[in-house]
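Visitor: coords below, sequence missing:
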C-alpha cells in the first residue's frame, strides 16, 4: 500500500510566522501535490511537482512556496502565515507520466490554524 | 470560476436505498473523471473513475455514469450502508491535473 505521511496532524501558528508542512511518500511516485480543503470550496491545488527540483503553480499559489530536494519529500512553505491560510492541507502523490490520469493517494492532512 | 460543481452540499439516505450524488462540469477538455470518499480526520481515498470515452463504469455497489453532452456525472451507491457516510468529492482531469468539486456530505441512516 502507498503510504503518504504528513509530519503534523494539527498545527497552530501566529500571523507572520514562517510555516513548513512536510510530506513524505514511500512508493517512489514521480508526482506530488499540495491541496487545501475549505468548506464549500472543496480541494484546491496549491502547487505540484512532477520531478525532483521541479515545481509548478496550481490554482492558488499566492502566499505559498514549495521545495522538492528529494523524490520522496515535498514541502509546502508559508513564508509569512496569515489568518486566511487557516485550512486543512492535504498532500497527495501519484505515479505515471505527467498527463496520465492515474489516481491520487492522499495523506491524512494537516489542520493549520493561524492566529 | 468553479469548473467542477457539486450543487448538493448534503444528502441523507436510508440504509438499503440508493444514494445518487451528482456533479457538473464546464470544461470540455476534461477527459477523465474520478470520485473520492473522505472520512473525518483522514485523507480522501479513491473510489471509482471513468474515462470520457465511456458512459458507465461499475465496481460492486458503486456505479459512475457520465453524460458528456450534458457535462454531468453521477455516482450511484446501491444498496447504501451506514459505513458509506462520508464526504464525496468528484474530480475531473485535464492533462493530468485534477480539479475537484466542493464535496457532498452523505449520511446513511440505519
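Guide: Noted; the coordinates are in hand. In this text, all values refer to a predicted model and were calculated from it rather than measured experimentally.

Visitor: Please look at residue B:93 and residue B:27 and confirm they touch.
Guide: No - here residue B:93 lies out of contact with residue B:27, judged by CB atoms under 8 Å, at a distance of 10.3 Å. All C-beta atoms are positioned from the backbone trio N, CA, C, and that covers glycine.

Visitor: intersection of neighbour lists for these two?
Guide: Common neighbours of residue B:93 and residue B:27, using CB atoms under 8 Å, 6 or more residues apart in numbering or on different chains, are residue B:99.

Visitor: Could you check which of these two has the larger neighbour count?
Guide: Neighbours were counted for residue B:93 and for residue B:27 using other CB atoms under 10 Å in any protein chain shown; residue B:93 has more, 23 against 13.

Visitor: What distance do you get for the more buried one to chain A?
Guide: Residue B:93 is 4 Å from chain A, where distance means CB to the nearest CB, to the nearest Å.

Visitor: Now that residue: which helix or strand?
Guide: When elements are assigned from DSSP states H and E, residue B:93 belongs to strand B:86-94.

Visitor: Against which helices or strands is that strand packed?
Guide: Judged by 3 or more CB pairs under 8 Å, 6 or more residues apart in numbering or on different chains; DSSP states H and E, strand B:86-94 is in contact with strand A:42-49, strand B:4-5, strand B:19-25, strand B:32-38, strand B:72-77, strand B:97-100, strand B:104-109.

Visitor: Which residue would you name as the spatial centre of chain A?
Guide: For chain A, residue A:34 is the residue whose C-alpha lies nearest the centre (CA atoms, centre = their mean; 2.5 Å).

Visitor: Residues in a beta bridge with that residue, which ones?
Guide: residue A:47, residue A:91 (DSSP bridges).

Visitor: So what's the predicted local confidence for it?
Guide: Residue A:34 is assigned 96 on the pLDDT scale.
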